[in-house]
Each structure stands twice: as structure tokens, then as C-alpha cells.
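Engineer: All I have is the shape, not the residue letters:
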């Protein structure tokens with residue numbers, strides 16, 4: 001017979017930090033390369049990783 005564990009994990013915090021850092025990198029790319037296609041890629045990366053960040057906070061939140 002197995003017992004369920006009520007221990008909390010830090011997976012949500014780690015994933016939030018990872019995707020938050022990736023979103024900041026995307027925003028930095030957008031800042032460093034204004035007026036080019038790279039700025040559009042940076043904006044897209046910031047938006048996508050920001051959305052994934054919020055999703056992981058909701059999924060792994062208490």
C-alpha cells in the first residue's frame with residue numbers, strides 16, 4: 001500500500017525563474033536591436049515565454 005505525500009516541490013519556482021529569465025532575454029533582444037526583424041523575434045519570445053511563465057505559476061501554484 002502506498003501513502004500519498006503532501007510535500008511541496010520547488011518545481012513551480014524553478015520553472016517560473018527559467019521562463020522569466022527567457023522572457024527578459026527576449027525583451028533585451030528587442031531593446032538591443034530596435035527597428036529590425038530581430039526586435040520582432042525578441043518581442044515574440046518575450047510574449048511567448050511570459051505566457052508560459054504565467055501558465056506554470058497557475059499549474060504549479062498552491
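Structural biologist: Cool, the structure landed. Since the model is a prediction, treat every value here as computed from it, not as a measurement.
Engineer: next one: phi and psi at the spatially closest residue to residue 45 that is not a sequence neighbour?
Structural biologist: Distance criterion C-beta to C-beta, 6 or more residues apart in numbering; nearest residue to residue 45, sequence neighbours excluded, is residue 26 at 3.2 Å. Using the backbone N, CA and C atoms, a C-beta is placed for each residue, glycine as well. The phi/psi pair for residue 26 (degrees, to the nearest 10) reads phi -60, psi -40.
Engineer: And for residue 26, the neighbour number?
Structural biologist: Here the number of neighbours of residue 26 (other C-beta atoms under 10 Å) works out to 20.
Engineer: Look at it and report its pLDDT.
Structural biologist: Looking at residue 26, its pLDDT stands at 94.
Engineer: My read is that it contacts residue 43, right?
Structural biologist: Yes - using C-beta atoms under 8 Å, residue 26 makes contact with residue 43 at a distance of 7.0 Å.
Engineer: Same question for residue 34, what's its three-state structure.
Structural biologist: Secondary structure, DSSP: H, G, I helix; E, B strand; the rest coil: residue 34 is coil.
Engineer: confidence score at it?
Structural biologist: Reported pLDDT for residue 34: 88.
Engineer: ok, so what distance separates it from residue 48?
Structural biologist: Here the criterion is C-beta to C-beta, to the nearest Å. By it, residue 34 lies 20 Å from residue 48.
Engineer: Which one's more surrounded, those two?
Structural biologist: In terms of neighbours (other C-beta under 10 Å), residue 48 is the more surrounded of residue 34 and residue 48; the figures are 14 against 9.
Engineer: Return the distance of the more buried one relative to residue 12.
Structural biologist: From residue 48 to residue 12 the distance is 19 Å (C-beta to C-beta).
Engineer: Just give me the longest helix of this structure.
Structural biologist: As assigned by DSSP state H, the longest helix anywhere in the chain is helix 37-60.
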